[in-house]
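> A structural model of the following input is requested.
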Amino acid sequence: MKRMVKVLLALGLLLLVLSGCGKKSTQGKDYVKIYDHQNHLLKKLTTAKSIRYFSDYVGDAAGSDTKTNANQKIDEKISKAKVSYKYLMHQAKGDVNSTMTVYSNVKYGSVDNIAGFGKANFKMSDKAFKTFNHPKQLIKKLEK
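Below you'll find the model as predicted:
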């Protein structure tokens with residue numbers, strides 16, 4: 001039952017995020033801004049490929065958090081973690097911002113302001129940890 005709820009939440013989130021992704025809006029375009037640990041802007045990504053990549057990852061990650069903010073161990077690890085990068089995802093439709101934060105010393109991440117879900121903390125795979133802690137390589141991949 002919990003797994004079904006988790007899957008439905010992830011799907012709902014993904015549909016919400018992607019619903020505005022290919023559509024023109026009078027409010028602007030969807031984008032992802034990447035910031036370093038000192039909040040310096042590294043890059044603004046606006047391609048459909050980039051938006052889709054982040055939408056897919058965040059939808060999956062949020063779906064892996066079965067008890068939002070209830071897992072005390074993850075919350076404790078994240079509270080002591082060192083921020084390495086922040087990925088601000090902006091959806092023009094609805095003018096919605098969500099931020100995914102990744103850390104340099106723990107393989108966990110967090111996403112805030114998820115519509116209907118609040119904040120989600122999640123464990124990162126080794127591959128995701130490496131990918132999101134090396135955004136220059138990710139940018140090259142997404143800009144091909």
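> which regions of the protein lie under the pLDDT threshold?
Along the chain, segments meeting pLDDT under 70 span 1-27, 60-71, 115-117.
> can we see that at 90?
Scanning the chain for pLDDT under 90 picks out 1-28, 54-80, 93-96, 110-125, 141-144.
> how about the helices in it?
2-18, 48-63, 72-79, 126-132, 135-142 (DSSP state H).
> Once you drop chain neighbours, what's closest to K77?
Take K77 and drop its neighbours on the chain: the residue closest to it by CB to CB, 6 or more residues apart in numbering is V106, 5.0 Å away. Backbone N, C-alpha and C define where each C-beta goes, glycine included.
> For that neighbour, what are phi and psi?
phi -140, psi 150 (degrees, to the nearest 10).
> That one and I74: what is the separation?
Distance, V106 to I74, by CB to CB, to the nearest Å: 9 Å.
> And for L138, the neighbour number?
21 (other CB atoms under 10 Å).
> Could you do the one 5 residues further on as well?
By other CB under 10 Å, the residues close to E143 number 11.
> Looks like it contacts K43 (just checking).
No: counting by CB atoms under 8 Å, E143 sits too far from K43 to count as a contact (9.1 Å).
> K82 and D95, how far apart?
31 Å.
> meant to ask about Y35
19 Å.
> Out of the two, name the residue with the larger neighbour count.
A direct count of neighbours by other CB under 10 Å for Y35 and D95 places Y35 higher, at 18 against 11.
> Could you double-check that the more buried one lies in contact with L41?
Yes: the pair Y35 and L41 qualifies as a contact (CB under 8 Å) at a distance of 5.8 Å.
> give me the number of residues near the nearest residue to A128 once chain neighbours are set aside?
Here the nearest residue to A128 in space, its sequence neighbours aside, is Y57; by CB to CB, 6+ apart that works out to 7.3 Å. Y57 sits with 19 neighbouring residues when counted by other CB under 10 Å.
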